[in-house]
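Asker: Give me the fold of what follows.
(2 chains)
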Amino acid sequence: MKRKHKRLTFVALAMVLLGAAAALMLSAFKENIVFFYSPTDVVGKHIADGRRIRVGGLVEEGSVKKEPDAVVSFRVTDMATAVPVRYKGLLPDLFREGQGIVAEGRLEKGTFMADEVLAKHDEKYMPPEVAEALKKSGTWKEIGDRMKGQATKPKGTPK
Amino acid sequence: MTAEIGHFALILALMVGLVQATVPMIGAARGNAAYMAVAGPAAFAQLALVVVAFGSLMQLYITSDFTVLNVVNNSHTAKPLLYKISGVWGNHEGSLLLWVLILTLFGSAVALFGNNLPPGLRARALSVQAMIAVGFYLFMLFTSNPFQRIWPAPLNGNDLNPLLQDPGLAFHPPMLYLGYVGFSMAFSFAIAALIEGRVDAAWARWVRPWTLAAWCFLTSGIALGSWWAYYELGWGGWWFWDPVENASFMPWLAGTALLHSATVVEKRDTLKGWTVLLAIITFSLSLLGTFLVRSGVLTSVHAFATDPARGVFILALLIVVIGGSLALFAARGPSLQATGLFQPISREGALLFNNLVMATAAASVLLGTLYPLLVDAVGGGKVSVGPPFFNAVFIPLMLPMIVVMAVGPLLAWKRADLGPALTRLWLAALVAFGVMAATWAVMTDGPLLGVVGVGLAAWLFAGTLVELAGRLRLFRAAPSESLARLIRTPRAQWGMTLAHLGLAVAIAGMAGAGAWKKESIQAMKPGDVVNVSGYDFTFKGARSLSGPNYDAVAGTFEVTRQGKPMVTLTPEKRVYHVGQRPTTEAAIHTTFLGDIYAVIGDPEGDAGAFVTRIYFNPLVAWMWTGVLIMVSGGVISLSDRRHRVGAPQRRAGAGLAHAARA
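Answerer: Take a look at the predicted model:
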């Protein structure tokens, strides 16, 4: 083989690899991208049941109920609309009423069945998605003068 | 006063850095030896000044000087000394200072050990190092000054996040940074070589040990972080494809590729342009990683303060460094002519295949990490890309590479036959299929991928041993000859063998932990029993206790297997006094086959019931063991004599004297 041909072999191999990676990514993107919605979006945009989404907002004051067998139900709100959430598992260490959280899961007849709940590890911190959702619904108020904090990792049942 | 000393030292370091970034570069261009000689002393001066700055900050932390904003935000008088010290780099400003400290340390190492380098290359490389440092000094002084004062001074500080008060995490950032910044050596030398228009074996022999050292640190750093997440966060997982984890993983992938391609440059004098490009990419990814973590653009565990000024500065710096170096590569890269030719089926070909896969993997991780930012920037809404995406893309890419990994070392340089190499691997194939069949028979549930993963690990492990046996002519020559060959095997060779064996062990661990993890979440009253993976967990109730700066609830679990007592686990849930922040302390019992892992949550109802979470994580210890073997391989390879006497070979005469000194 001439030098040029050899180089072509490697270029072809690289192309095949990149092509395979691109194909893998495209199919993975189609199935594994999770969109974020505010509670207002969830109600207003008629999101289909069973689709995997994230919902973020504040945990509504007085809405947290502990049910038997480690199930927690609460409502997540952007101060305009609230969505009921059910979650089984250990809540993040800093989960509390009035705290900004992001939940991941699926809608089931108007209730959000979460399998992951993320909360930031600092009461001064607000997840950026939640802050934006609150701003959109016109209920944003500065929570702390500084946004600084640590998040906890997702809780819940990893697939 | 200490704060001002630190601040002034930082400003002086900037000035020295500016001199070092320009004067030696001009000297190298004009062939002016006096100008070039500035680089060495300037590098030492920078190191001394940054040491003063870093020492000042550490002093401020140890004495809890609450007139300094950074200390107020991240420390507290009640904190144990270790965490007062680790608090120095447990925040945005301090971690940047640690970054430049390591950068100047590496710069001084070039100045100290680089006497045998061609003066032009040395001057230019040090110049490039100084340019990177200047970028960081400016960033710190203008947007992230660790020495900023606060008035009036508060009585006490806000404390370091209790999650970070952990010995594993105290050393995780320095390790990681030694890795990130270590790649700056390869980068500086790549840029210097591009300016000189010359890359040769001597260049690779100088770059490779530094890349290898950086790789060892980065590997340890990533493993420490993963281990910390595993035992401290209490989620039972060890890798979450979190943006921050990806940020450290991308340079690792590129750095691993660089390590392999630098071997080709050193041994065969080819793949030069590609190696230089990899050096640029690896360091660019390190920079990107540092800033992804520190800028808070991504929602993540480590997301620190978000400040628009910082974001803009970071973006500008990234554009200058990455854009500038790639532009230089585009202009000069084609002039790097290779002399060594090789066929696609050869050692070079296999190493190139490794490079292509690693680079593709790094690119896909990069795309997945940045995708939410891209979508948001074009107004596509908020999305998140989680573990399912990365698993779906990354694992299929890695599978063929592991298959090839066992074959590659058996191929000859330049031109090889696939047939004989594959024939030699019959035993490895037998072992792999045997292990797969055994796993399939024992583990009745779980995904097929777990079986494949374990099988591949066995294939790689056995294949690496076949290569070693072949090299020693084991069973084919007299035992005494094999022994002699064993003793004569160069340490660099041992490094390769150990690193590949370590990876095989780690893959087995990952496959096991990923495929057959068992988890159970429930509310338990004292006396309740839960069975997970054949282990019975009896909850014996919980009690309160208090530590030096926290109160805790500790649960007691008695674990039995088929009626035989195994271990008592006492997971805790702590609330730290300052800030009232709760943390979870998992209780873990490690066995050869897996970890028994228990977490206690919130109380539920009356009657002393608690929400509990119990895991059986198979083969987790194999992962850490595998990584340890990999790193030890790297360290052994670093101690190879060839690295010490190798660099000077361009000027053969002077080389020996320097080798003795080094």
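Asker: and the spatially most central residue of chain A, what element?
Answerer: Centroid-nearest residue in chain A, with C-alpha atoms, centre = their mean: A:R54, separated by 3.6 Å. If you go by DSSP states H and E, A:R54 is part of strand A:52-59.
Asker: other SSEs contacting that strand?
Answerer: strand A:33-37, helix A:39-44, strand A:71-77, strand A:82-88, strand A:100-108, helix A:128-136 (3 or more C-beta pairs under 8 Å, 6 or more residues apart in numbering or on different chains; DSSP states H and E). Any C-beta I mention is one placed from the backbone N, CA and C, and that applies to glycine too.
Asker: With adjacent residues omitted, what lies nearest to B:L474?
Answerer: B:S482 (5.1 Å; C-beta to C-beta, 6 or more residues apart in numbering or on different chains).
Asker: Could you chop the chain up by domain?
Answerer: In the absence of a named chain, chain A is used. A:1-33, A:34-136 (automatic domain parsing).
Asker: my question was about chain B
Answerer: Following the assignment in automatic domain parsing, chain B carries domains at B:1-165, B:518-621.
Asker: How far away from the center of its chain is the shortest one?
Answerer: Just to be clear, that refers to domain B:518-621. 31 Å (C-alpha atoms, centre = their mean, to the nearest Å).
Asker: One more: stretch A:58-73?
Answerer: The answer for stretch A:58-73 is 19 Å, by C-alpha atoms, centre = their mean.
Asker: Tell me which residues of it come out buried.
Answerer: A:L58, A:V59, A:E60, A:V64, A:K66, A:A70, A:V72, A:S73 (16 or more other C-beta atoms under 10 Å in any protein chain shown).
Asker: follow-up on the earlier one: list the strands paired with the strand holding A:R54, with their directions.
Answerer: Applying DSSP bridges to the sheet, strand A:52-59 is found paired with strand A:33-37 (parallel), strand A:71-77 (antiparallel), strand A:100-108 (antiparallel).
Asker: ok, and for the longest one, which residues are buried?
Answerer: Judged by neighbour count using 16+ other C-beta under 10 Å, the buried positions of strand A:100-108 are A:G100, A:I101, A:V102, A:A103, A:E104, A:G105, A:R106, A:L107.
Asker: Not counting residues beside it along the chain, what's closest to the fourth one?
Answerer: It stands for A:A103. A:A114 (4.0 Å).
Asker: Determine the set of other helices and strands touching the host helix or strand of the one you found.
Answerer: Secondary structure assigned from DSSP H and E places A:A114 in strand A:111-119. If you count contacts as 3+ C-beta pairs under 8 Å, 6+ apart, strand A:111-119 packs onto strand A:82-88, strand A:100-108.
Asker: and the last one, C-alpha only, in PDB?
Answerer: Listed next in PDB are the C-alpha coordinates belonging to strand A:100-108 (Å, rounded to 0.1, in the frame of the first residue of the first chain):
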ATOM      1  CA  GLY A 100     -36.200  25.000  45.600                       C
ATOM      2  CA  ILE A 101     -36.000  21.500  44.200                       C
ATOM      3  CA  VAL A 102     -36.000  19.700  40.800                       C
ATOM      4  CA  ALA A 103     -37.800  16.400  40.500                       C
ATOM      5  CA  GLU A 104     -37.400  13.900  37.700                       C
ATOM      6  CA  GLY A 105     -40.000  11.300  36.700                       C
ATOM      7  CA  ARG A 106     -43.200  10.900  34.800                       C
ATOM      8  CA  LEU A 107     -46.700  12.300  34.900                       C
ATOM      9  CA  GLU A 108     -49.500   9.900  35.800                       C
END
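Asker: wouldn't B:P526 be in contact with B:G555 here?
Answerer: No. B:P526 is beyond contact range of B:G555, at 9.5 Å (criterion: C-beta atoms under 8 Å).
Asker: quick one, which of those two is more surrounded?
Answerer: It is B:G555, of B:P526 and B:G555, that has more neighbours when counted by other C-beta atoms under 10 Å in any protein chain shown, with 24 against 15.
Asker: After the helix or strand hosting that one, heading C-terminal, what element do we hit next?
Answerer: Secondary structure from DSSP H and E places B:G555 in strand B:550-561. Scanning forward in sequence from strand B:550-561 by DSSP H and E, the next helix or strand is strand B:564-569.
Asker: Need the contact partners of that following strand.
Answerer: B:Y535, B:F537, B:T556, B:F557, B:E558, B:V559, B:T560, B:A587, B:I588, B:H589, B:I596, B:A598 (C-beta atoms under 8 Å, 6 or more residues apart in numbering or on different chains).
Asker: Narrow these to those that are buried.
Answerer: B:Y535, B:F537, B:T556, B:F557, B:V559, B:A587, B:I588, B:H589, B:I596, B:A598.
Asker: So which of those are in strands?
Answerer: Of these, the ones assigned to strands by DSSP state E are B:Y535, B:F537, B:T556, B:F557, B:V559, B:A587, B:I588, B:H589, B:I596, B:A598.
Asker: and chain A, which of these reach it?
Answerer: Among these, no residue sits close to chain A (C-beta under 8 Å from any C-beta of the partner chain).
Asker: Let's have those residues in JSON lines, adding pLDDT.
Answerer: Formatted as JSON lines, those follow (pLDDT from 0 to 100):
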{"residue": "B:Y535", "pLDDT": "92"}
{"residue": "B:F537", "pLDDT": "94"}
{"residue": "B:T556", "pLDDT": "94"}
{"residue": "B:F557", "pLDDT": "94"}
{"residue": "B:V559", "pLDDT": "94"}
{"residue": "B:A587", "pLDDT": "92"}
{"residue": "B:I588", "pLDDT": "93"}
{"residue": "B:H589", "pLDDT": "93"}
{"residue": "B:I596", "pLDDT": "92"}
{"residue": "B:A598", "pLDDT": "93"}
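Asker: Point out where chain A drops to low pLDDT.
Answerer: Across chain A, the ranges flagged by pLDDT under 70 are A:1-4, A:120-130, A:136-159.
Asker: which regions of chain B lie under the pLDDT threshold?
Answerer: Looking at chain B by pLDDT under 70, you get B:163, B:294-308, B:579, B:642-662.
Asker: in it, what residue is nearest chain A?
Answerer: B:K382 (3.4 Å; C-beta to the nearest C-beta).
Asker: Any figure for the gap between that residue and B:L326?
Answerer: Counting by C-beta to C-beta, to the nearest Å, the gap from B:K382 to B:L326 is 31 Å.
Asker: try B:V620
Answerer: Taking C-beta to C-beta, one finds B:V620 at 40 Å from B:L326.
Asker: The two - which one has more neighbours?
Answerer: B:V620 (27 against 15).
Asker: quick one: contacts for that one?
Answerer: B:Y230, B:W238, B:G509, B:G512, B:A513, B:T590, B:G594, B:D595.
Asker: can you rerun that using 6 Å?
Answerer: By C-beta atoms under 6 Å, 6 or more residues apart in numbering or on different chains, the residues touching B:V620 are B:A513, B:D595.
Asker: again, but for B:G594
Answerer: Per C-beta under 6 Å, 6+ apart, neighbours of B:G594: B:F616, B:N617, B:P618, B:L619.
Asker: ok, now with 7 Å
Answerer: Going by C-beta atoms under 7 Å, 6 or more residues apart in numbering or on different chains, B:G594 touches B:F616, B:N617, B:P618, B:L619, B:V620.
Asker: Would you mind naming the residues that bridge with the residue lying closest to B:G381 once chain neighbours are set aside?
Answerer: With C-beta to C-beta, 6+ apart as the measure, A:F35 is the residue that lies nearest to B:G381, at 5.8 Å, once sequence neighbours are left out. For A:F35, the beta-bridge partners are A:I53, B:V383 (DSSP bridges).
Asker: correct me, but A:F35 touches B:S384?
Answerer: No. Using C-beta atoms under 7 Å as the test, A:F35 is too far from B:S384 to be in contact (8.1 Å).
Asker: so what's in contact with those two at the same time?
Answerer: In contact with both A:F35 and B:S384: A:R54, using C-beta under 7 Å, 6+ apart.
Asker: In terms of neighbours, single out the busier of these two.
Answerer: Shown here are A:F35 and B:S384; by other C-beta under 10 Å, B:S384 has more neighbours (23 against 17).
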